[in-house]
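In: Here is my input; please provide its structure:
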Amino acid sequence: NTLTASITMMTMILRSYDGLKTPLHRLLFGLCVSDILSSFASSLSTSMAFSETSYYIWNASGNIASCDAQGFLLSFGSSSGILYNCCLCLYYLAVVKKERSDEYIRTKLEPYYHGLSITIALIISFTTLICEAFNPAPNDGICWAFQYNPPHCEGYENGEIPDGYNIPCGRGRAATVLSLIFSFPLLLASPIVIVASMTITYKAVLKHELKMAEYGVGSLRASVARSSILMRNAAEQTEDDNPRSSIIRRFSHRLSSSMSSAFESPRRMSRSRAVLYKGLAYSGAYMFCYMPYFITNIVYIFLDKKKPFPLILSFQICVPLQGLLNFAIFLHPKVAGIRKKGNISLIGAIIRAMKSRGSRSRRTSIRNRNSGRGRISLHNNDRRRRRKRQKTRKRHSFRETIKRRSRQMKRFSKNYSVIIEGQQEDATVNRAQSENNARDLQRIYRELSERNLSSARSSTLSAGSSAQLDEENGAAENDDVGAQPEL
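Out: Residues are numbered from 1 along each chain as shown. Modelled structure (predicted):
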């Protein structure tokens, strides 16, 4: 069911880590909304047709209001879906050919993408509604831009109301003119835009790959292959002259094989080519679904409103498949990546891909390699998420501040205790040094006092001995004086 597929795709986009922050997701979201509107209107089938046409339209149980509502939703959803597909191709052209970043596309191109898609679809739908051109189709009974000419209006002029009926015959006479003014240019321009943009994108990718093959890894592989061939030829030439030629030949063979194997890894798809393939897939799905619709409307406009039944059947089958094919294209890279990582069935990979939220990294795509600046989202969901992150960040910062302060206090207390212990040790050392200095001073004082006492004693002894000698000398002189008269 295309309605279920589109709703699932919208849910996956909203649940992903990128959400609606990238232009690609926003364009796909608009495409899903358009497909949901048109699919919902188509699912109502003939139940919205006028109840007075129930004699030739199965399950017709509506009125003018219900038919206008179904036709408006179907017209708006189909027109905006066609325009969003064109804008998606132009987006891939800007990414691959012009190498524009997400920031540039968001500010310069994306407003025109959404504005033109929604405005043109609204103009078409409201103009058709005002002209009362939404009426049950004569073939399938779905309310669309047709002139109301049921079988009971045969023989009546436009504007007349047959007996027993309420809706005038010929209602919506401007349906053909509106189809020529709105539907035909849209049906003609959209395939041209899609084919032209995809062709230019393909040429840009091909030119890039040729340049890489000339100056990049391809030329290096070719030079390695040539050098390996030359080494093998040189080894074969020296095989007859040198007795150790077999050793040289084996060595050269291993060296050349290792060099070639270093560059002959399996060819990986370039990112630009991957983007191109995704754009081609979306465009191919659109062309497959809407080509019967284009042909049916062209037949209606130019071949006197005679619609072949095979075209009507193909139109009713293919158009509702748009959402399902878009969902398959959107899901394919995830399923392929999951199946490469491990041995898992296709159903299990699809279920796991639907549950996944994508990658947390937002700079791995080619469209994001130049977008390193901050992005501003205009969606309430993103605002709520940003506020929640800010609150969480504030709580974490408060907790981190408390933890940091506690660590600082512990470090300060530890350093303070170390300083106090060092001061105590210094005081103990100073006390010991002062005690040692006091003991040294006492010892020096004691030594000095002992020296002074010994010097004083020696001086006293020397003074006493000199006095005794003087007395002895005086006595001797007196004896000499007394002995002289006798001579």
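In: what distance separates the one helix or strand Tyr92 maps to from the middle of the whole chain?
Out: With the criterion set as DSSP states H and E, the secondary-structure element containing Tyr92 is helix 64-96. Per C-alpha atoms, centre = their mean, to the nearest Å, the displacement of helix 64-96 from the mean C-alpha position of its chain is 27 Å.
In: Please identify the buried residues of the following helix or strand past that helix?
Out: Scanning forward in sequence from helix 64-96, with DSSP H and E defining helices and strands, the next element found is helix 102-104. Within helix 102-104, the residues that qualify as buried are Asp102, Glu103, Tyr104, counting by 16 or more other C-beta atoms under 10 Å. C-beta coordinates here come from the backbone N, C-alpha and C atoms, glycine included.
In: Stretch 187-195 now?
Out: Leu187, Ser190, Pro191, Val193, Ile194.
In: cool, stretch 34-53 as well?
Out: Using 16+ other C-beta under 10 Å as the test for burial, stretch 34-53 gives 34-39, 41-42, 44-50, 52-53.
In: With only the CA atoms kept, save that stretch in CSV.
Out: C-alpha atoms of stretch 34-53 as CSV (Å, rounded to 0.1, in the frame of the first residue of the first chain):
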residue,chain,number,x,y,z
SER,A,34,2.0,15.0,-1.6
ASP,A,35,1.8,11.2,-2.2
ILE,A,36,-0.2,10.7,1.0
LEU,A,37,-2.8,13.3,-0.1
SER,A,38,-3.2,11.9,-3.6
SER,A,39,-3.2,8.3,-2.3
PHE,A,40,-5.8,9.1,0.3
ALA,A,41,-8.0,10.8,-2.2
SER,A,42,-7.6,7.9,-4.6
SER,A,43,-8.4,5.4,-1.9
LEU,A,44,-11.8,7.0,-1.5
SER,A,45,-12.5,5.7,-5.0
THR,A,46,-16.1,6.3,-6.2
SER,A,47,-17.6,6.8,-2.8
MET,A,48,-17.2,10.6,-3.2
ALA,A,49,-19.1,10.8,-6.6
PHE,A,50,-22.5,12.3,-6.8
SER,A,51,-25.2,10.0,-5.4
GLU,A,52,-27.4,10.7,-8.4
THR,A,53,-24.9,8.9,-10.6
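In: correct me, but Arg106 touches Leu24?
Out: No - if you go by C-beta atoms under 8 Å, Arg106 and Leu24 don't touch, sitting 10.8 Å apart.
In: the strands in the protein, which residues?
Out: Counting by DSSP state E, the chain forms strands over residues 134-136, 143-145, given from the N-terminal end onward.
In: would you list those strands in a markdown table and tack on distance to Leu206?
Out: Output for the strands of the chain, formatted as a markdown table (distance: least, C-beta to C-beta, whole Å):
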| stretch | distance to Leu206 |
| --- | --- |
| strand 134-136 | 46 |
| strand 143-145 | 42 |
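In: how about the ones you listed, which one is nearest Leu324?
Out: Evaluated with C-beta to C-beta, the strands of the chain place strand 143-145 nearest to Leu324, the distance being 22.1 Å.
In: Give me the sheet partners of that closest one and which way each runs.
Out: Looking at strand 143-145 with DSSP bridges, its paired strands and their directions are strand 134-136 (antiparallel).
In: And the strand it pairs with, what's buried?
Out: For strand 134-136, burial by neighbour count (16+ other C-beta under 10 Å) applies to Phe134, Asn135, Pro136.
In: Look up how far Glu160 lies from the residue lying closest to the second one once chain neighbours are set aside.
Out: On the basis of C-beta to C-beta, 6 or more residues apart in numbering, the spatially nearest residue to Asn135 that is not a chain neighbour turns out to be Tyr148, at 4.0 Å. Plainly put, Tyr148 is 12 Å away from Glu160 if you go by C-beta to C-beta, to the nearest Å.
In: Identify the contacts common to those two.
Out: Each of Pro168, Cys169 lies in contact with both Tyr148 and Glu160 under the rule C-beta atoms under 8 Å, 6 or more residues apart in numbering.
In: more neighbours, those two?
Out: Tyr148 (24 against 12; other C-beta atoms under 10 Å).
In: wait, what's in contact with Gly323?
Out: Applying C-beta under 8 Å, 6+ apart, the residues near Gly323 are Thr2, Leu3, Ala5, Ser6, Met9, Cys32, Asp35, Ile36, Ser39.
In: So for it, what's the pLDDT?
Out: Here, the pLDDT recorded for Gly323 equals 85.
In: just to revisit the earlier point, from the buried residues of stretch 34-53, which land in helices?
Out: Secondary structure of the buried residues of stretch 34-53 is defined by DSSP state H; positions in helices are Ser34, Asp35, Ile36, Leu37, Ser38, Ser39, Ala41, Ser42.
In: Which single one of those residues is nearest to Ile123?
Out: Distance to Ile123 across those (C-beta to C-beta) is lowest for Ser34, with 15.1 Å.
In: my guess is that closest one contacts Asn85, does it?
Out: No - at 9.1 Å, Ser34 and Asn85 do not qualify as touching, with contact defined as C-beta under 8 Å.
In: and the strands of the chain, which one is worst for confidence?
Out: Of all those, the minimum mean pLDDT falls on strand 143-145 (a mean of 89).
In: And the contacts of it?
Out: Around strand 143-145, the neighbours that count as contacts under C-beta under 8 Å, 6+ apart are 48-49, 62, 66-68, 70-71, 74-75, 128, 133-137, 172, 175, 178-179, 183.
In: one more time with 6 Å, if that's ok
Out: Where contact means C-beta atoms under 6 Å, 6 or more residues apart in numbering, the residues beyond strand 143-145 that reach it are Met48, Cys67, Gln70, Gly71, Thr128, Ala133, Phe134, Pro136, Ala137, Ala175, Leu178.
In: So which of the buried residues of stretch 187-195 sit within helices?
Out: Using DSSP H, Leu187, Ser190, Pro191, Val193, Ile194 are the members of the buried residues of stretch 187-195 that sit in helices.
In: so which one among those residues has the lowest pLDDT?
Out: Comparing pLDDT over these, the lowest reading goes to Leu187, 79.
In: can I assume that residue is in contact with Pro292?
Out: No - contact criterion C-beta atoms under 6 Å: Leu187 and Pro292 do not qualify, at 11.7 Å.
In: Adding pLDDT, write the contacts of Gly323 out as a markdown table.
Out: Output for the contacts of Gly323, formatted as a markdown table (pLDDT from 0 to 100):
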| residue | pLDDT |
| --- | --- |
| Thr2 | 81 |
| Leu3 | 86 |
| Ala5 | 90 |
| Ser6 | 91 |
| Met9 | 92 |
| Cys32 | 92 |
| Asp35 | 91 |
| Ile36 | 92 |
| Ser39 | 88 |
